[in-house]
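Peer 1: Provided below for reference: sequence and predicted model.
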Amino acid sequence: MNALTQLKQHTRVVADTGDFESMKAYLPVDATTNPSLIYASAKDEKYRHLAAAAAAEAKKLSNDPAVQLSLCLDRVAVNFGLEILKIVPGRVSTEVDARLSFDTEASIAKARELIRLYEATGIDRSRILIKVAATWEGIKAAEVLEKEGIHCNLTLLFSKIQAIACAEAGVTLISPFVGRILDWYKKEQNFSSADPNEDPGVISVTEIFNYYKKFGHNTEVMGASFRNKGEITALTGCDLLTIAPSLLKELEESNEILELKLDASKAADMDILRIKADEKYFRWLMNEDAMATEKLSEGIRKFTVDLLKLEDFLKKEFLA
């Protein structure tokens with residue numbers, strides 16, 4: 001068996017792409033999207049019609065350009081999600097506007113609207129994960145949404161305290177970013193080891209996974225943002241891993257023998273301190289963690305830049 005087939009025996013593989021052909025090729029269980037992936041795909045002639053349809057619907061609903069743009073953004077995200085759900089048997093993650101990352105009520109409202117659009121087409125909310133940044137405000141929004149049966153994927157997660165707060169809020173899934181953690185350590189601390197087991201991103205996800213399994217949290221861990229195949233194989237056994245097509249291809253072409261690295265049955269006997277993640281402690285530990293604070297802020301900024309690119313594209317091509 002190739003490495004990808006072996007990985008799928010221990011971990012649910014998710015496609016980190018907006019390209020439908022890649023999903024058909026690698027047969028992931030779920031798929032994740034974001035504005036940059038949607039922007040890249042919407043420019044492709046094969047998928048342009050999804051953006052055009054969203055714009056046409058937005059124009060029917062409002063004559064106000066600002067309202068049209070907001071409506072169009074929501075519908076573009078949902079249109080891509082609907083196409084993905086025709087391919088994957090599981091769930092698709094659809095992202096809340098990154099500019100709402102510090103606004104709990106606005107994040108809740110946007111998530112409800114996205115779910116409304118999906119349900120209007122006959123898609124059950126159980127097949128949708130609403131992606132929200134793992135700020136304190138985002139986690140509190142997710143806590144409300146989960147109680148309404150709207151399942152959430154907390155993204156831009158770089159620290160154990162973020163993960164613990166998500167679990168205590170009853171979040172369905174978290175996406176700790178492996179590669180971006182490695183990026184920070186390479187830049188700020190001249191980290192240079194090629195051993196995946198010494199990779200700070202791999203270590204972070206492993207600690208979170210073991211903490212969850214030790215204390216019986218139901219929140220799923222989905223490692224994300226990989227820089228190389230070694231990071232992926234070092235997390236064999238994680239609940240889920242979301243992987244870009246280039247790395248899926250590399251795994252498929254590899255005959256490396258994979259070992260189970262993350263084992264829930266072993267976590268029960270580990271000596272791990274339980275932490276209560278109230279707001280004061282959350283903010284203090286984030287303040288003390290330069291990497292997590294900087295990468296969270298940078299991630300929100302980058303997601304916003306990608307969103308603005310998508311907005312400009314929609315305005316010029318379909319809403320002019």
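Peer 2: Perfect, I can see it now. If you're wondering where the values come from, they're calculated on a predicted model, not measured in any experiment.

Peer 1: When you work out contacts or count neighbours from here on, use the C-alpha atoms and nothing else.
Peer 2: Noted.

Peer 1: in this protein, which spans are strands?
Peer 2: Using DSSP state E, the strands of the chain run over residues 12-16, 30-32, 92-95, 128-133, 152-157, 173-176, 220-223, 240-243.

Peer 1: And for the second one, what's in contact with it?
Peer 2: Among residues not part of strand 30-32, those counted as contacts by Cα atoms under 8 Å, 6 or more residues apart in numbering are 13-18, 84, 88-94, 242.

Peer 1: could you redo the last one with a cut-off of 6 Å?
Peer 2: By Cα atoms under 6 Å, 6 or more residues apart in numbering, the list of residues contacting strand 30-32 from outside reads 14-16, 88, 90-93.

Peer 1: Stretch 72-92: how far from the chain's middle?
Peer 2: Offset of stretch 72-92 from its chain centre (Cα atoms, centre = their mean, to the nearest Å): 14 Å.

Peer 1: Thr236 and Leu260: what is the separation?
Peer 2: Separation of Thr236 from Leu260 (Cα to Cα, to the nearest Å): 5 Å.

Peer 1: Looking at the two, which is more packed in?
Peer 2: Using other Cα atoms under 10 Å as the criterion, Thr236 and Leu260 rank with Thr236 on top: 23 against 16.

Peer 1: Quick check on that one: phi, psi?
Peer 2: According to degrees, to the nearest 10, the main-chain angles of Thr236 amount to phi -60, psi 120.

Peer 1: these two touch, right, it and Ile257?
Peer 2: No - contact criterion Cα atoms under 6 Å: Thr236 and Ile257 do not qualify, at 11.2 Å.

Peer 1: Okay, buried residues for the biggest helix by length in the chain please.
Peer 2: Taking DSSP state H as the criterion, the chain has its longest helix at helix 290-317. Neighbour counts over helix 290-317 (16 or more other Cα atoms under 10 Å) mark 291-293, 295-296, 299-300, 303-307, 309-311, 313-315 as buried.

Peer 1: ok, how many other residues are close to Lys147?
Peer 2: By other Cα under 10 Å, 12 other residues sit near Lys147.

Peer 1: For the residue located most distally from the centre of the chain, give its distance to Leu307.
Peer 2: The outermost residue of the chain relative to its centre, with distances by Cα atoms, centre = their mean, is Asn63 at 33.4 Å. Asn63 sits 22 Å away from Leu307, going by Cα to Cα.
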